[in-house]
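Enquirer: I'll drop the sequence and a predicted model, then ask my questions.
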Amino acid sequence: MEPLDPVPDQDALARLGAAVGARLTVNPDVWRVEADKVELFAVGDFLTADESAQLCTMIDAVAHPSALHEVAYDSGFRTSYSGDLDPHDSFVTSISRRIDALLGVDAAIGEPVQGQRYWPGQQFKTHNDWFYTSEGYWPQEEARGGQRSWTTMVYLNDVEEGGATLFAALGFQIEPQRGALLAWNNALPDGRPNEATLHAGMPVLRGVKYVITKWYRTRQWR
């Protein structure tokens with residue numbers, strides 16, 4: 001079999017994947033989710049009830065129709081409302097640094113913390129967090145920090161019904177639990193994007209769903 005062509009940031013993705021994965025594996029507060037195809041971890045009660053409530057209020061203040069590369073909001077693919085939280089706010093900074101410390105990565109490669117809100121019927125259909133380097137948006141993302149490596153997401157509330165995070169290739173979904181953090185490696189051990197990280201925010205059926213997400217690149221975020 002001929003070797004695969006190298007992909008942008010492949011070496012950096014492999015190094016970050018190995019370093020963060022090793023750190024999370026030995027942390028007694030972190031649970032390794034049983035999944036053969038993806039490095040997926042969870043931390044219960046990463047945020048307190050008060051912290052979660054404060055973040056929900058902050059999300060309400062900045063939420064607008066969620067953007068997506070080259071896909072219009074009215075397509076129905078991603079129908080949540082979202083917005084970046086103020087990176088200069090001391091409370092947001094403290095949460096962001098706590099996530100950095102959990103993963104053991106340089107804060108410089110982290111994107112701003114983004115908040116998302118889903119009302120009944122809203123969803124984010126199956127997608128991945130890494131970028132397709134063949135698409136027109138890639139030069140812009142390459143300049144902003146390169147490929148995405150790790151994703152972290154924290155549920156801010158218990159949803160009355162619906163709103164699970166579905167990992168279709170893994171054959172299971174994770175129900176929202178207030179304060180719980182998920183983290184996964186978007187790359188394979190050799191640094192190629194991992195197709196098995198495809199996931200979806202399932203439609204909320206009753207109530208509202210709030211989450212924060214922080215993505216990490218391979219180079220400094222600009």
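Expert: Cool, got the structure. Quick caveat, the model's predicted, so the values are computed rather than measured.
Enquirer: please enumerate the strands of the chain.
Expert: For the chain, strands defined by DSSP state E occupy the ranges 31-32, 40-43, 64-65, 81-84, 114-118, 124-127, 150-155, 161-162, 165-167, 172-174, 181-185, 199-201, 204-206, 209-215.
Enquirer: which helices and strands sit right next to the fifth one?
Expert: Taking 3 or more C-beta pairs under 8 Å, 6 or more residues apart in numbering; DSSP states H and E as the contact definition, the neighbouring helices and strands of strand 114-118 are helix 49-62, strand 81-84, strand 209-215. In short, each C-beta sits where N, CA and C put it, glycine included.
Enquirer: buried residues, the first one. List them.
Expert: Same thing as helix 49-62. Of all the residues in helix 49-62, those buried under the rule 16 or more other C-beta atoms under 10 Å are 51, 52, 54, 55, 56, 58, 59.
Enquirer: now pLDDT and distance to residue 124 too, for these, in JSON lines please.
Expert: Listed next are these as JSON lines, based on pLDDT from 0 to 100; distance: C-beta to C-beta, whole Å:
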{"residue": "51", "pLDDT": "98", "distance to residue 124": "23"}
{"residue": "52", "pLDDT": "98", "distance to residue 124": "20"}
{"residue": "54", "pLDDT": "98", "distance to residue 124": "24"}
{"residue": "55", "pLDDT": "98", "distance to residue 124": "18"}
{"residue": "56", "pLDDT": "98", "distance to residue 124": "18"}
{"residue": "58", "pLDDT": "98", "distance to residue 124": "20"}
{"residue": "59", "pLDDT": "98", "distance to residue 124": "15"}
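Enquirer: quick one on the thing from earlier: quick check: which of the strands of the chain is nearest to residue 140?
Expert: strand 209-215 (15.1 Å; C-beta to C-beta).
Enquirer: partner strands of that closest one and their direction?
Expert: strand 114-118 (antiparallel), strand 150-155 (antiparallel) (DSSP bridges).
Enquirer: just give me the neighbour total for residue 174.
Expert: Neighbour count for residue 174, taken as other C-beta atoms under 10 Å: 18.
Enquirer: what residues are up against residue 210?
Expert: Shown in contact with residue 210 (C-beta atoms under 8 Å, 6 or more residues apart in numbering): 52, 55, 56, 59, 115, 116, 117, 118, 155, 156, 157.
Enquirer: returning to what we had before: closest to residue 97 out of the strands of the chain?
Expert: strand 209-215 (10.7 Å).
Enquirer: now do the closest one, average pLDDT.
Expert: The pLDDT scores in strand 209-215 average 98.
Enquirer: and that strand, how far out from the chain's middle?
Expert: Here the centre of strand 209-215 is set off from its chain's centre by 7 Å, with C-alpha atoms, centre = their mean, to the nearest Å.
Enquirer: how near is the one residue sitting closest to the centre of the chain to residue 193?
Expert: Nearest to the mean C-alpha position of the chain, counting by C-alpha atoms, centre = their mean, stands residue 151 at 3.6 Å. Residue 151 sits 12 Å away from residue 193, taking C-beta to C-beta, to the nearest Å as the criterion.
Enquirer: what sits in contact with each of the two?
Expert: Residues touching both residue 151 and residue 193 (C-beta under 8 Å, 6+ apart) are residue 186.
Enquirer: list the helices and strands the longest helix seen in the chain packs on?
Expert: As assigned by DSSP state H, the longest helix anywhere in the chain is helix 10-26. On a contact count with 3+ C-beta pairs under 8 Å, 6+ apart, helix 10-26 meets helix 90-103, strand 150-155, strand 181-185.
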